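[1] Need the 3D shape of this:
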Amino acid sequence: MAVDRFPVEAGHILMFARSIGDANPIYSDEEYARKTEVGRVIAPPTFVQSSAQFDPDWPLRPKIGEPWFGSGKEPTGARSNPTGGSGGGGAGAGLHAEQHFEYHRHLKPGDVLRGVTKDGRRWEKEGRRGGRLQFMEMITEFYDQNDELVITARSVGVRTEKLPEQS
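    Okay, here's the model as predicted:
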């Protein structure tokens, strides 16, 4: 995911915290946050995932007037993703396997991030039912408005060698 500009806004932080069911007041209450060690409102740990909304090519966002491959079985009449889902390209079935975040500092309202994505490690493992499993790591580094590294996000996708049985 390449994101040129991802503004971190207080309203987005509040909505994100509510959407994940986290009522910690450090995400919304400035008075409370001032009394904490951090000293200000900050974003929840997985907040940078919402940067996908600022990526014009994010494949999981519906595009107006185009069939969309959603999370269910052909919910809009679109055929399944030919690249094998988030697990990577090829003929097998892909899925998201892991997500890791390394914080270099807290995100705060007013930050404007830029995400740079690069390929990470690749490895294979023998699966029990689906043949070989192919693992692919993607690393996204998020830099702030001062070009300082704020967060390193590491995502691992897995793809099976064989397509699952059709039902």
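[2] helix/strand/coil for the residue nearest the centre of the chain?
    The C-alpha lying nearest the average C-alpha coordinate of the chain belongs to Gln49 (Cα atoms, centre = their mean; 3.7 Å). Three-state secondary structure (criterion: DSSP: H, G, I helix; E, B strand; the rest coil) places Gln49 in helix.
[3] and it, what is it in contact with?
    For Gln49, the contact set (Cβ atoms under 8 Å, 6 or more residues apart in numbering) comprises Gln99, Ala153. Where you see a C-beta, it was placed from the backbone N, CA and C, and this is true even at glycine.
[4] cool, and the one 4 residues further on?
    Under the criterion of Cβ under 8 Å, 6+ apart, the contact partners of Gln53 comprise Arg61.
[5] roughly how far apart are it and Glu161?
    33 Å (Cβ to Cβ, to the nearest Å).
[6] what about the strands in this structure?
    3-7, 94-103, 112-126, 132-143, 149-160 (DSSP state E).
[7] residues in contact with Asp22?
    Asp22 neighbours (Cβ under 8 Å, 6+ apart): Pro44.
[8] Revised request: answer the last question for Glu9.
    Neighbouring residues of Glu9 by Cβ under 8 Å, 6+ apart: Pro109.
[9] one step back: can you lay out the strands of the chain as a markdown table showing distance to Tyr27?
    As requested, the strands of the chain are arranged in a markdown table below (distance: least, Cβ to Cβ, whole Å):
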| stretch | distance to Tyr27 |
| --- | --- |
| strand 3-7 | 16 |
| strand 94-103 | 15 |
| strand 112-126 | 17 |
| strand 132-143 | 18 |
| strand 149-160 | 16 |
